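Asker: A predicted structure for the sequence below; I have some questions about it.
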Amino acid sequence: MNYCFKRSYTGPVQAVIMDWAGTTVDYGSLAPVRAFQRLFLGEGIRVSPVECRAPMGSEKRDHIRQMLEMERIRECWLQSRKSAPSEADIDRLYQAFIGIQVECIRDCAQLIPGMGEVVAGLKGKGVRLAANTGYSRDMIAELQVRAAEQGYRPEVVITASEVSRGRPWPEMSLQAAIALDVSAVQACVKVDDTGPGIGEGLNAGMWAVAVAVSGNEVGLSLSDWQALAEAEQARLRRQAHERLAAAGAHYVIDTIAELPGVIEDIEARLARGEQP
């Protein structure tokens, strides 16, 4: 006789795993865009913010590859070089990108408003914090220092260059859960501002919370966002929420400042036996 048992976790949220740019720091996720624009301009190719943002959330070497596969960028490359980009070209571009990205991150390391209060509240509840990113370890070394100076020190930090497969594969989030000694992935919340990041959380069996306004989908600095008319803010907010909801997010919020309310709702759902 066959038996089917369904395990149901009904305890509190144990861990929150958060992205960096656009989620916890760098309102508008501007550092990666600026870095990719500088990188390709050095190759004689002007790229738009939209082109830079399309693969956002991916490991950065793969991000470069995806940009080179875009029809317009590939055509510009072929016109100037008469041959398709090779693996050696991608390696060279990635090595050049590291230094450029570090410089851009340095200028965009401010915590997103409300992040300090969120960290204090989660730690007060006993929730453990981790961070992961499409950046490499070299790229975020200074960012971690700057974030710590502002009160944000995640216990675990995992980068895409340290796993065999980056987003949307679940490896970074699962490694974080193991490192934080959580008892069930259903007790984990993944917070991100990109489709691949949401996919990572879903593939890890976790609750996925998408950040719409401060992140990649809107892509504006805080001052530029605040300068918009209310109607334009509403239009951009609606579009960003719709795209991230379509990516499968359980919740879509404007910024990380709204996360505490989401955690309370998730815990109520867990107590009722609901799962991600």
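Answerer: Yep, it's here.

Asker: Y27 - that's part of a strand, no?
Answerer: No. Y27 sits outside any strand when classified using DSSP: H, G, I helix; E, B strand; the rest coil, being coil.

Asker: OK, contacts around it?
Answerer: Neighbouring residues of Y27 by CB atoms under 8 Å, 6 or more residues apart in numbering: Q110, I112, P113, S214, S221, L222, W225. C-beta coordinates here come from the backbone N, C-alpha and C atoms, glycine included.

Asker: Can you give me the end-to-end span of stretch 8-24?
Answerer: Chord length of stretch 8-24, first to last residue, is 31 Å (CA to CA, to the nearest Å).

Asker: hey, where'd the strands end up in this protein?
Answerer: For the chain, strands defined by DSSP state E occupy the ranges 15-18, 128-133, 156-159, 188-192, 207-211, 251-253.

Asker: Make CSV from the ones you listed and add mean neighbour count to it.
Answerer: Listed next are those as CSV, based on neighbours: other CB atoms under 10 Å:
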stretch, mean neighbour count
strand 15-18, 28
strand 128-133, 25
strand 156-159, 20
strand 188-192, 29
strand 207-211, 28
strand 251-253, 21
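
Asker: one step back: most neighbours among the contacts of Y27, which one is it?
Answerer: S214 (32 neighbours; other CB atoms under 10 Å).

Asker: Report the separation between that residue and Y94.
Answerer: 27 Å (CB to CB, to the nearest Å).

Asker: go on, D19?
Answerer: D19 is 20 Å from Y94, by CB to CB.

Asker: neighbour-wise, which of the two wins?
Answerer: Neighbour tally, D19 and Y94, criterion other CB under 10 Å: the higher count belongs to D19, 30 against 19.

Asker: Output stretch 248-262 as CSV, restricted to C-alpha atoms.
Answerer: Below are the C-alpha coordinates for stretch 248-262, written out as CSV (Å, rounded to 0.1, in the frame of the first residue of the first chain):
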residue,chain,number,x,y,z
GLY,A,248,5.7,34.6,-10.4
ALA,A,249,6.4,36.8,-7.3
HIS,A,250,4.2,36.0,-4.4
TYR,A,251,4.2,39.7,-3.4
VAL,A,252,5.2,42.8,-5.2
ILE,A,253,6.1,45.9,-3.2
ASP,A,254,7.5,49.3,-4.1
THR,A,255,10.6,49.3,-1.9
ILE,A,256,12.2,47.2,0.8
ALA,A,257,10.6,49.5,3.4
GLU,A,258,7.3,47.6,2.8
LEU,A,259,8.9,44.2,3.6
PRO,A,260,7.9,44.0,7.4
GLY,A,261,4.2,43.9,6.5
VAL,A,262,4.8,41.2,3.9
